[in-house]
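# this is a predicted model, with the sequence first.
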Amino acid sequence: AGEAVGGRPRPLEADDVLGCESAPIVVTASLSNALMHAVLAEHHSSLRILAPSARNCRDRDDPLGHLAAVTDLLVLNSGEWAELTEADRHAFEDSAAILSITRGPDGAEIQWPNEHGERVSHFEPAFPRRRPPVDTNRAGEAFASQLILKLVKLGWSQEHRAVDAPSVRIAARHASAAAG
């Protein structure tokens, strides 16, 4: 946030985040939907990751579905996915974006368009553990960051935005291990 006003931080505005140099990967999270759209649209030559909060998913004044065309990877959990309107879900399902929906201890689902433009899916079960986790805070972030890292290492880039089933399976397995 910007400088404090009356003891509270000033909310970020477009001028605070736009006009930055391009980066290979741009991640937007915890901003207003309008601001996330502006950032993702500006960085069209970057891999654009959208990690909305439940608040973003519930925004009916500026629906998240409008960001589908400027998103390469949408990462959220099943609760956030359920908060989206049917139209928003369809916008992402009909887009070129990879969808990563974590389902807590049940694992995660990754959806992406194949080389024919048909959406395909891979379910990755939660990584097997001997004991229950002590703390699951930030498990979704660990999953998403490892998924992104592994996909990039396997060739996902600004120049090659398509992914294949073997790469998704490998990346999802690594992400599951990181989150577990």
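On my side now, so go ahead.
# quick one: the one helix or strand residue 169 maps to to chain centroid distance?
Using DSSP states H and E, residue 169 falls within helix 165-179. Remark: helix 165-179 is offset 15 Å from the chain centroid, using Cα atoms, centre = their mean, to the nearest Å.
# pull the CA atoms of that helix into CSV?
Extracted in CSV, the C-alpha atoms of helix 165-179 (Å, rounded to 0.1, in the frame of the first residue of the first chain):
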residue,chain,number,x,y,z
ALA,A,165,-0.1,-33.9,-19.9
PRO,A,166,3.3,-35.4,-18.9
SER,A,167,4.6,-32.0,-17.8
VAL,A,168,1.4,-31.3,-15.8
ARG,A,169,1.6,-34.7,-14.1
ILE,A,170,5.2,-34.1,-13.1
ALA,A,171,4.6,-30.6,-11.9
ALA,A,172,1.5,-31.5,-10.0
ARG,A,173,3.4,-34.4,-8.2
HIS,A,174,6.1,-32.0,-7.2
ALA,A,175,3.6,-29.4,-6.1
SER,A,176,1.7,-32.0,-4.0
ALA,A,177,4.9,-33.0,-2.3
ALA,A,178,5.7,-29.4,-1.5
ALA,A,179,2.2,-28.7,-0.1
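# and that helix, what does it pack against?
Secondary-structure packing of helix 165-179 (3 or more Cβ pairs under 8 Å, 6 or more residues apart in numbering; DSSP states H and E): strand 108-113, strand 119-124, helix 139-153. No exception for glycine: its C-beta is placed from N, CA and C like everyone else's.
# so it versus strand 119-124, what angle?
Between the axis of helix 165-179 and that of strand 119-124 there is an angle of 40 degrees, by axes from the mean of the first three to the mean of the last three Cα atoms, to 10 degrees.
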